[in-house]
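Novice: fold the following.
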Amino acid sequence: MLIRTSLFIAVGTAALIAVGGRAILSAGAPKPPLVITHGIASGDVTPTSAVIWARASSKAQMHVEIDTEPTFGHAKSHGSAKADEATDFTSHLVVDGLQPSTRYWYRVWLSGAGGTGRSEVADNQIGTFTTAHSSWDSRPLSFILAADVGGQRYCRNAATGGYAIFGAMQKLAPDFVIVNGDAIYGDGDCPAAGPEPGWVNIPGDFPSIADSAVDWTNVDAVRDIYLRHWRYNRADPYTQDLLRSTSTISQWDDHEVINDFGAPWTYWNSANINRAGYPNIVAAGLDTFFAYAAIARQPVDRDRIYRSLRWGNDLEVFVLDARSYRDRNDTLDTLAEPKPMLGPDQIAWLVNGIQQSTATWKVVSSDVPISIPTGSLTFGRDAWARLPGEPATGFRRELLEQLLPGLDRINATNVVFVATDVHYATNLAYAIDADADGDILTLHEVVRGPLNAVKNPPKTVAQLDPSANPTVLYAEGNFFNFGFVRIRREEDGKMHFVADVRDEHGVQRPGSVINLTPQ
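Specialist: The predicted structure follows:
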């Protein structure tokens with residue numbers, strides 16, 4: 001009944017009353033309806049399974065239905081999983097019993113925590129992915145290598161409505177995306193004023209976790225900062241569209257917690273040695289990564305990130321974790337045993353996995369590059385590499401005495417490392433007799449990024465660690481970019497590894513193509 005200045009609408013047992021232009025809920029009003037707040041995603045796809053992810057507006061059960069047709073004429077339910085405060089109302093469900101090499105559509109809906117009621121399924125709650133090929137099945141595939149999102153105040157651009165580069169990735173219709181780390185910058189902030197003239201951000205409602213005003217001993221406040229970073233990036237419409245259109249393989253790097261960190265450390269760096277609460281930020285960074293990545297935590301080793309995924313006869317992806325097992329960056333690499341970054345168990349897993357793999361191409365997704373020095377002289381090198389004459393920080397001996405000799409001993413072939421982290425694009429070749437047996441280990445590395453973060457100039461050969469004998473095949477910097485990889489059969493009848501660099505518009509950069517023939 002409309003009575004001039006007031007509108008009375010019955011809503012169940014409650015009433016919504018508009019008075020003087022303000023809507024207020026009367027006593028006893030029902031809670032707002034359940035909705036999916038930050039899109040949906042799929043990840044860690046195998047020939048027969050996938051992880052489905054979503055975030056609810058409040059405590060709920062997430063339900064998933066799957067079909068091989070977008071009309072869902074023969075949809076099958078694949079169960080449900082809870083969403084509650086422990087995971088910031090995100091939910092993960094493993095769907096299995098799928099067929100290899102098949103495009104599936106899935107739709108997500110929510111019910112109340114007790115299983116009652118049902119949310120409406122909107123268009124943005126319908127996604128698609130393709131299952132991996134069977135291990136004997138040789139057919140073309142493609143994937144994208146991407147990382148470094150929202151760093152150094154290059155946040156969601158108000159002029160384009162967000163991270164427009166994700167739209168360029170979506171147009172390429174990849175089979176999956178490797179999210180190589182730095183999917184958030186927990187140690188950054190997003191004010192309206194951007195980092196360069198004319199750049200205006202969609203502001204973020206969070207501080208940098210590195211801000212001295214943040215109390216790291218306040219566990220709830222620390223966790224909230226990371227969650228706000230994740231929600232901000234996942235609210236981006238371009239990101240949501242990409243994640244609905246294909247699957248992901250996720251790993252973390254440093255900015256999911258804080259720059260150049262190590263998970264086992266008791267403090268961050270020498271400038272913050274007395275700052276209490278460092279273990280809290282590591283725990284919160286890891287926990288929120290698992291909450292927002294489409295990855296299922298393992299039942300026994302729940303914090304394990306390194307794993308492998310097979311995509312047909314011609315590809316196996318080995319995902320590394322260079323953060324969870326490392327010694328301090330600032331200690332010297334001159335001990336009786338090589339200073340660990342991956343650690344001996346992970347290296348043994350990788351070498352054994354590559355030795356046992358029957359895939360044509362073995363792609364190693366690394367958090368850090370092989371020969372490009374990262375980190376600093378003040379706080380220690382953050383990767384394997386360091387330059388001649390520098391203090392012996394970093395983790396060079398692990399690379400030269402464990403990782404590369406291990407690959408050389410098994411005569412590894414067709415190994416390509418992929419990485420981001422350094423904010424410029426390059427293709428590198430390596431040839432080294434790492435185990436001193438007279439045979440040469442050859443491998444390649446493609447480095448990409450940033451998607452949306454500070455843009456760095458490329459390194460010259462003189463600025464690389466020479467220990468693994470790198471050859472620069474291409475290098476270009478100072479622009480947003482991602483990697484596009486195809487594994488395809490060429491005129492010689494072999495499945496080639498073809499990778500290039502794409503700019504923020506999806507345009508291939510001249511000279512960036514690397515076309516590798518399998519040995």
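
Novice: which stretches of this structure have low pLDDT?
Specialist: 1-31, 113-124 (pLDDT under 70).

Novice: can you list the domains in it?
Specialist: Following the assignment in automatic domain parsing, the chain carries domains at 1-30, 36-130, 141-183+247-258+299-516.

Novice: okay if I get those as a markdown table plus distance to residue 216 and mean neighbour count?
Specialist: C-beta coordinates here come from the backbone N, C-alpha and C atoms, glycine included. Formatted as a markdown table, the domains of the chain follow (distance: least, CB to CB, whole Å; neighbours: other CB atoms under 10 Å):
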| stretch | distance to residue 216 | mean neighbour count |
| --- | --- | --- |
| domain 1-30 | 38 | 10 |
| domain 36-130 | 19 | 18 |
| domain 141-183+247-258+299-516 | 10 | 20 |
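
Novice: between the ones you listed, which one is nearest to residue 267?
Specialist: Residue 267 lies closest to domain 141-183+247-258+299-516 among those, at 9.1 Å (CB to CB).

Novice: about what we covered before: dump the domains of the chain into JSON lines; add distance to residue 278 as well.
Specialist: Formatted as JSON lines, the domains of the chain follow (distance: least, CB to CB, whole Å):
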{"stretch": "domain 1-30", "distance to residue 278": "43"}
{"stretch": "domain 36-130", "distance to residue 278": "22"}
{"stretch": "domain 141-183+247-258+299-516", "distance to residue 278": "9"}
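
Novice: between those, which gets nearest to residue 240?
Specialist: Judged by CB to CB, the one of these that comes nearest to residue 240 is domain 36-130, at 3.4 Å.

Novice: what's near enough to touch the nearest residue to residue 141 once chain neighbours are set aside?
Specialist: On the basis of CB to CB, 6 or more residues apart in numbering, the spatially nearest residue to residue 141 that is not a chain neighbour turns out to be residue 175, at 4.7 Å. Applying CB atoms under 8 Å, 6 or more residues apart in numbering, we find residue 175 in contact with 130, 141-143, 246-247, 311.

Novice: ok so residue 473 is a strand residue?
Specialist: Yes. Per DSSP: H, G, I helix; E, B strand; the rest coil, residue 473 lies within a strand segment.

Novice: could you say which helix or strand holds the closest residue to it other than its chain neighbours?
Specialist: Of all residues not flanking residue 473 in the chain, residue 427 sits nearest, at 4.1 Å (CB to CB, 6+ apart). Assigning secondary structure by DSSP states H and E places residue 427 in strand 425-432.

Novice: just checking, next helix/strand downstream of that strand?
Specialist: Next along from strand 425-432, by DSSP H and E: strand 441-447.

Novice: same for that next one, what does it pack against?
Specialist: helix 404-409, strand 415-419, strand 425-432, strand 514-516 (3 or more CB pairs under 8 Å, 6 or more residues apart in numbering; DSSP states H and E).

Novice: so which of the ones you listed comes closest to residue 276?
Specialist: That would be strand 415-419 among the helices and strands packed on strand 441-447, by CB to CB, at 33.2 Å.

Novice: direction included, what does the closest one pair against?
Specialist: strand 361-365 (parallel), strand 441-447 (parallel) (DSSP bridges).

Novice: got a list of contacts for the shortest one?
Specialist: Applying CB under 8 Å, 6+ apart, the contact partners of strand 361-365 are 145, 178, 180, 249, 251, 314-320, 350, 354, 412, 414-419, 487, 495, 497, 518.

Novice: reformat the helices and strands packed on strand 441-447 as TSV; add distance to residue 168.
Specialist: Formatted as TSV, the helices and strands packed on strand 441-447 follow (distance: least, CB to CB, whole Å):
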stretch	distance to residue 168
helix 404-409	34
strand 415-419	19
strand 425-432	15
strand 514-516	20
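
Novice: just the strands in the stretch 51-200 of the chain please.
Specialist: 60-67, 76-83, 90-95, 103-112, 126-130, 141-146, 176-179 (DSSP state E, counting those that start in this stretch).

Novice: can you redo these as JSON lines with distance to residue 341?
Specialist: Shown next, in JSON lines, are the strands of the stretch 51-200 of the chain (distance: least, CB to CB, whole Å):
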{"stretch": "strand 60-67", "distance to residue 341": "36"}
{"stretch": "strand 76-83", "distance to residue 341": "34"}
{"stretch": "strand 90-95", "distance to residue 341": "28"}
{"stretch": "strand 103-112", "distance to residue 341": "37"}
{"stretch": "strand 126-130", "distance to residue 341": "32"}
{"stretch": "strand 141-146", "distance to residue 341": "21"}
{"stretch": "strand 176-179", "distance to residue 341": "20"}
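
Novice: what distance separates the start and the end of stretch 269-276?
Specialist: For stretch 269-276, the first-to-last residue distance is 12 Å (CA to CA, to the nearest Å).

Novice: same question, stretch 331-342
Specialist: 16 Å.

Novice: before we move on, what about stretch 258-267?
Specialist: 12 Å.

Novice: just want the most central residue of the chain.
Specialist: Among the residues of the chain, residue 179 comes closest to the average C-alpha position under CA atoms, centre = their mean, at 3.0 Å.

Novice: list the contacts of the nearest residue to it once chain neighbours are set aside.
Specialist: Closest residue to residue 179 apart from its sequence neighbours, by CB to CB, 6+ apart: residue 250 at 4.6 Å. By CB under 8 Å, 6+ apart, the residues touching residue 250 are 43-44, 179, 183, 289, 293-295.

Novice: what is the most widely separated pair among those?
Specialist: 44 and 183 (15.0 Å).

Novice: show me how far stretch 466-480 is from its chain's centre.
Specialist: 22 Å (CA atoms, centre = their mean, to the nearest Å).

Novice: so which residues make contact with it?
Specialist: By CB under 8 Å, 6+ apart, stretch 466-480 touches 165, 370-371, 385, 388, 396, 399-400, 404, 423-432, 445, 450-452, 455-461, 464, 501, 503-504, 509, 511-512, 514.
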